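Engineer: okay, predicted coordinates and the sequence, questions at the end:
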Amino acid sequence: MYKNLAATLVAACFFVPVFSQASPAKGSAADPVKAGFVYVSPITEAGWTRQHDEGRKAVEAALGNQVKAAFVENVAEGADAERVIRDLAATGHQIIFTPSFGYMEPTLKVALDYPQVKFESITGYKTAPNVATANARYYEGRYLAGIAAGRMSKTGVAGFVAGFPIPEVLQGINAFTLGMRSVNPRATVKVVWLNVWFDPPKERDAAMALFNQDVDVIAFHTGSTAVMAAAQERGKMAVAYHSDMRKTGPDAQIVAVTHQWGAYYTERVRAVQSGTWKSANLWGGVREGMIRVGDFGPRVPAAVQQEVLNAQKAIGAGKLQPFRAGKAPVRDNDGQERIAAGQSLSDAQILQMNWLVEGVVGKLAR
């Protein structure tokens, strides 16, 4: 489904973004590119929206007076999103970034009426002549975080607070579990589904419930810092997601899985500026500099940190694939073989993932 745009770009090393890093021109006579950003939640100190706003700031830092960026935060998916996207298009924004899966259809609808405007549907999968899609291989970071969790957990039981059972989330749960079980084959992961992306009280309650079930380390795929705060309160461990959350959980955080959008956003605005923008599909990960694991907490031994960083280098070099089976096949938690021994899942199979791996405690609604 995704064609890797990054294959046409040159990476200096695995953790450096492959996108161009030219300095902004000064004193350009050209009018600045007007770039719009639509955010699904408020801009908080950490989380999904924070990372995308950091991407916007990176564009401004790179391009200076060559760009004029605007954003609208806390925009609900659906009719509200269409209204906001349409307003940005109608007010002269030449490129509009819509980073939420639920923005995909509103983006496509508005794009039909504004063929001269370029749209970037982040986490979407449908393209059009003036709509590109991009997403990150979050699962690569999840696998690495699972290694850290597997090494740090005393009970061998992890928790996972999840928004919705879409493929992206299932990829993360499964990769995290496989990472844990790569260092502790008996580890298990208990999942709580919230059916919402951003609801701090519900996120906190789910974390607290998991901590009452032998869970001593927790991960999450939600939009706030509530799970990290709960882990700090209970003296447990947590994996930060989207952003470094050591400010919220100075003792709780063992590692952070962060995604980096600045280089990609800057490259796409530059393409509008130069008239070279084309619709494309990018699914970038550690190699492209879009996924990074680090920001270790103080309780993580140096040896564990190095093990995780070495694994990150291996993923960046293509030597380690989270969804590749070893000598034994990978099965789901119903016992069905999902990855044959010695084989890897294709991108298409990963993108359509609809199962939970062995070791995950929980079921999917069918």
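Structural biologist: Looks like it arrived, so ask away. Numbering: from 1, shown residues only.

Engineer: C-alpha from now on. contacts and neighbour counts both.
Structural biologist: Noted.

Engineer: low-confidence ranges in the stretch 251-366 of the chain?
Structural biologist: Scanning the stretch 251-366 of the chain with the threshold set as pLDDT under 70 gives 365-366.

Engineer: quick check: which element contains the residue nearest to G92 when sequence neighbours are not counted?
Structural biologist: Of all residues not flanking G92 in the chain, K34 sits nearest, at 7.0 Å (CA to CA, 6 or more residues apart in numbering). Assigned by DSSP states H and E, K34 belongs to strand 33-38.

Engineer: V191 now?
Structural biologist: Residue-wise, V191 maps onto strand 188-193 under DSSP H and E.

Engineer: report all helices and strands that that strand contacts.
Structural biologist: Using 3 or more CA pairs under 8 Å, 6 or more residues apart in numbering; DSSP states H and E, the elements in contact with strand 188-193 are strand 157-162, helix 167-183, strand 360-361.

Engineer: most tightly packed of those?
Structural biologist: Stretch with highest mean neighbour count among the helices and strands packed on strand 188-193: strand 157-162 (a mean of 27; mean count of other CA atoms under 10 Å).

Engineer: so what touches that one?
Structural biologist: When contacts are defined by CA atoms under 8 Å, 6 or more residues apart in numbering, strand 157-162 is touched by residues 149, 169, 173, 187-195, 203, 206-207, 210-211, 214-222, 227.

Engineer: strands paired with it, and their directions?
Structural biologist: Here strand 157-162 is paired, per DSSP bridges, with strand 188-193 (parallel), strand 217-221 (parallel).

Engineer: can you name the next helix or strand after the shortest one?
Structural biologist: In other words, strand 217-221. Next element after strand 217-221 (DSSP H and E): helix 226-234.

Engineer: helices or strands next to that following helix in the packing?
Structural biologist: Where contact means 3+ CA pairs under 8 Å, 6+ apart, helix 226-234 is packed against helix 200-211, strand 217-221, strand 237-242.

Engineer: next one: D31 from A303, what distance?
Structural biologist: Counting by CA to CA, to the nearest Å, the separation of D31 from A303 is 52 Å.

Engineer: my error: substitute I43 in the last question.
Structural biologist: In terms of CA to CA, I43 sits 35 Å off from A303.

Engineer: out of these two, which sits in the busier spot?
Structural biologist: Taking neighbours as other CA atoms under 10 Å, I43 and A303 compare with I43 leading, 18 against 9.

Engineer: contacting residues around the more buried one?
Structural biologist: T49, R50, D53, E73, N74.

Engineer: by neighbours, which of those residues wins?
Structural biologist: When neighbours are counted by other CA under 10 Å, T49 leads these with 25 neighbours.

Engineer: and the closest residue in space to it that isn't next to it in sequence, helix, strand or coil?
Structural biologist: In space, and not counting its chain neighbours, T49 is closest to I43: 5.7 Å by CA to CA, 6+ apart. Three-state assignment for I43 (DSSP: H, G, I helix; E, B strand; the rest coil): coil.

Engineer: flag every buried residue along stretch 124-142.
Structural biologist: By neighbour count, and taking 16 or more other CA atoms under 10 Å as the criterion, the buried residues in stretch 124-142 are 124-125, 127-128, 130-142.

Engineer: return the subset of these lying in helices.
Structural biologist: Judged by DSSP state H, helices contain the following of the buried residues of stretch 124-142: Y138, Y139, E140, G141, R142.

Engineer: out of those residues, which comes closest to R338?
Structural biologist: Y139 (16.7 Å; CA to CA).

Engineer: is it true that the closest one touches Q171?
Structural biologist: Yes - checked against CA atoms under 8 Å, the pair Y139 and Q171 is within contact range at 5.6 Å.

Engineer: contact partners for P129?
Structural biologist: K278, S279.

Engineer: and it, what's its pLDDT?
Structural biologist: Predicted confidence (pLDDT) at P129: the value is 98.

Engineer: with A29 instead?
Structural biologist: pLDDT, A29: 47.

Engineer: cool, and K3?
Structural biologist: Per the predicted model, pLDDT is 34 at K3.

Engineer: what ranges do the strands span in the stretch 51-200 of the chain?
Structural biologist: In the stretch 51-200 of the chain, the strands defined using DSSP state E, counting those that start in this stretch lie at 67-72, 95-99, 118-122, 131-136, 157-162, 188-193.

Engineer: follow-up on the earlier one: where does the residue nearest to T49 fall, phi/psi-wise?
Structural biologist: phi -80, psi 110 (degrees, to the nearest 10).

Engineer: T123 touches A134, doesn't it?
Structural biologist: Yes - with contact defined as CA under 8 Å, T123 and A134 form a contacting pair (5.9 Å).

Engineer: what's the distance between the residue nearest to G92 and I96?
Structural biologist: According to CA to CA, K34 stands 9 Å off from I96.

Engineer: which of the residues in stretch 317-335 are buried?
Structural biologist: Those would be Q321, P322, F323, R324, A325, P329, V330, R331, D332, N333, for stretch 317-335 by 16+ other CA under 10 Å.

Engineer: ok, now stretch 278-289?
Structural biologist: Going by neighbour count (16+ other CA under 10 Å), the buried part of stretch 278-289 is A280, N281, L282, W283, G284, G285, V286, R287, E288, G289.

Engineer: I am finished for the moment; much appreciated.
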